[in-house]
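Trainee: Coordinates for the following, if possible.
(one chain, ligands or ions: 2)
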Amino acid sequence: MRAPVLITGGGRRLGRHAAEALADQGQSVIITYRTERSDLEQLRAKGVTTLKADFSDQAGILDFIACLKRETSCLRAIIHNASDWLPDQKGVDNASLSQAADNFHHLFSVHMLAPFLINQACQPLLLAHNGPRDIVHLSDAVVCKGSKKHGAYVATKAGLESLTQSFAAGFAPDIKVNAIAPALIMFQPDDDAEYRKKALKKSALQIEPGADVITQTIHYILNNPYLTGVVLPVEGGRSVI
Ligand SMILES: NC(=O)C1=CN([C@@H]2O[C@H](COP(=O)(O)OP(=O)(O)OC[C@H]3O[C@@H](n4cnc5c(N)ncnc54)[C@H](OP(=O)(O)O)[C@@H]3O)[C@@H](O)[C@H]2O)C=CC1
Ligand SMILES: Nc1nc2c(c(=O)[nH]1)N=C([C@H](O)[C@@H](O)CO)CN2
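Mentor: Ligands and ions are numbered 1, 2, ... in the order given. Below is the predicted model:
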């Protein structure tokens, strides 16, 4: 059996696009999802293994790790794609502050604790694969400047970028660890026209490129033997305007 590539949150959008592309190339793929839905059947029909997982807390992460180890004894790569783009809870009353704290803990768990524990637990599975081994973290290009509306989201993505460097140092030379920092790849369905127009103007190229630019970047990373500890921006020239 070819060692599978694990893509967390790979049942939708960018992660799904990458999962389908890898499966179409004959690569064994495992994805995680939180709730059963009909469109997962199309992935299963392509031979993709789907594992139910919620990374909102430590118990959910450890449950997933146990489930993964029952599913496979080796891994070609781990792509930490799962994410929750949760806006900050504003307000100074106790209820708002309590919700803000809960949100921060949630985002820490999904964006930092899950990659941290899964990487640590799955190092032996990657080493069991005879060939190149990769870990890819999906961050966000906005890490370098922060966000007025998504401060906790961006802070936990910044922590994920730091983990990229730590794991790159700790897992070298046997496992490469890199990050991709996208910006405006694919709108959410409920993004309105005004938001879309404003968002497009934030980059030099002013387009919504779609998921393939991330799939291409994943392919580049997996096939480059001399890349580790880097964060690759895929942001349409946002940094130059
Ligand atoms: N789309 C864009 O323009 C940008 C994307 N990025 C990053 O790229 C990656 C992919 O983006 P995109 O496809 O839009 O991401 P999504 O917002 O679609 O999130 C990816 C998937 O993560 C899963 N997920 C969410 N919360 C949890 C949780 N608590 N536990 C486990 N899984 C969870 C969901 O899958 P399910 O519901 O099936 O469980 C979700 O569809 C993300 O890391 C994102 O932060 C960064 C900048 C721009
Ligand atoms: N988990 C997610 N993270 C982000 C998303 C998303 O849909 N899910 N979208 C963005 C936006 O595209 C932003 O970059 C510009 O609107 C950022 N992160």
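Trainee: What's the separation between residue 92 and residue 149?
Mentor: Going from residue 92 to residue 149 by CB to CB, to the nearest Å gives 17 Å. Glycine gets a C-beta too; all of them are placed from N, C-alpha and C.
Trainee: So is the one helix or strand residue 179 maps to next to ligand 2?
Mentor: Assigned by DSSP states H and E, residue 179 falls within strand 176-182. No: if you take CB under 6 Å from any ligand atom as the test, strand 176-182 misses ligand 2, and the best it gets is 7.0 Å.
Trainee: Could you verify my assumption that residue 112 touches residue 158?
Mentor: No: with contact taken as CB atoms under 8 Å, residue 112 and residue 158 are classed as non-touching, separated by 9.4 Å.
Trainee: Going by length in residues, pull out the top helix of this protein.
Mentor: In the chain, taking DSSP state H as the definition, the longest helix is helix 151-171.
Trainee: do it and ligand 2 meet at all?
Mentor: No: Helix 151-171 does not reach ligand 2 (CB under 6 Å from any ligand atom); its nearest approach is 7.1 Å.
Trainee: Could you list the residues in contact with that helix?
Mentor: Counting by CB atoms under 8 Å, 6 or more residues apart in numbering, the neighbours of helix 151-171 from elsewhere in the structure are 80, 84-88, 100, 103-104, 107-108, 110-112, 115-116, 119, 123, 126, 135, 137, 139-140, 142-143, 146-147, 175-179, 181, 228-231.
Trainee: helices or strands next to the strand holding residue 179 in the packing?
Mentor: Contacting strand 176-182 under the criterion 3 or more CB pairs under 8 Å, 6 or more residues apart in numbering; DSSP states H and E are the following elements: strand 134-138, helix 151-171, helix 212-222, strand 231-234.
Trainee: Just name the most buried of these.
Mentor: When neighbours are counted by mean count of other CB atoms under 10 Å, the highest per-stretch mean among the helices and strands packed on strand 176-182 falls to strand 134-138, a mean of 25.
Trainee: partner strands of that one, parallel or antiparallel?
Mentor: Based on DSSP bridges, the strands next to strand 134-138 in the sheet, each with its direction, are strand 77-80 (parallel), strand 176-182 (parallel).
Trainee: Alpha carbons of the longest helix of the chain, as CSV, please.
Mentor: Presented in CSV, the C-alpha positions along helix 151-171 are these (Å, rounded to 0.1, in the frame of the first residue of the first chain):
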residue,chain,number,x,y,z
GLY,A,151,-7.3,38.9,15.8
ALA,A,152,-7.6,35.5,17.6
TYR,A,153,-7.7,33.6,14.3
VAL,A,154,-4.6,35.4,13.0
ALA,A,155,-2.8,35.0,16.3
THR,A,156,-3.3,31.2,16.3
LYS,A,157,-2.2,31.1,12.7
ALA,A,158,1.0,33.0,13.7
GLY,A,159,1.5,30.3,16.3
LEU,A,160,1.2,27.7,13.6
GLU,A,161,3.9,29.4,11.6
SER,A,162,6.1,29.3,14.6
LEU,A,163,5.4,25.6,15.0
THR,A,164,6.4,25.2,11.4
GLN,A,165,10.0,26.4,12.2
SER,A,166,10.2,24.3,15.4
PHE,A,167,9.1,21.1,13.8
ALA,A,168,11.3,21.8,10.8
ALA,A,169,14.3,22.0,13.1
GLY,A,170,13.2,19.1,15.3
PHE,A,171,12.3,16.7,12.5
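Trainee: now it: how far from the chain's centre is it?
Mentor: The gap between where helix 151-171 is centred and where its chain is centred comes out at 12 Å by CA atoms, centre = their mean, to the nearest Å.
Trainee: Residue 103 contacts residue 85, doesn't it?
Mentor: No: in this structure residue 103 lies outside contact range of residue 85 using CB under 8 Å: 11.5 Å.
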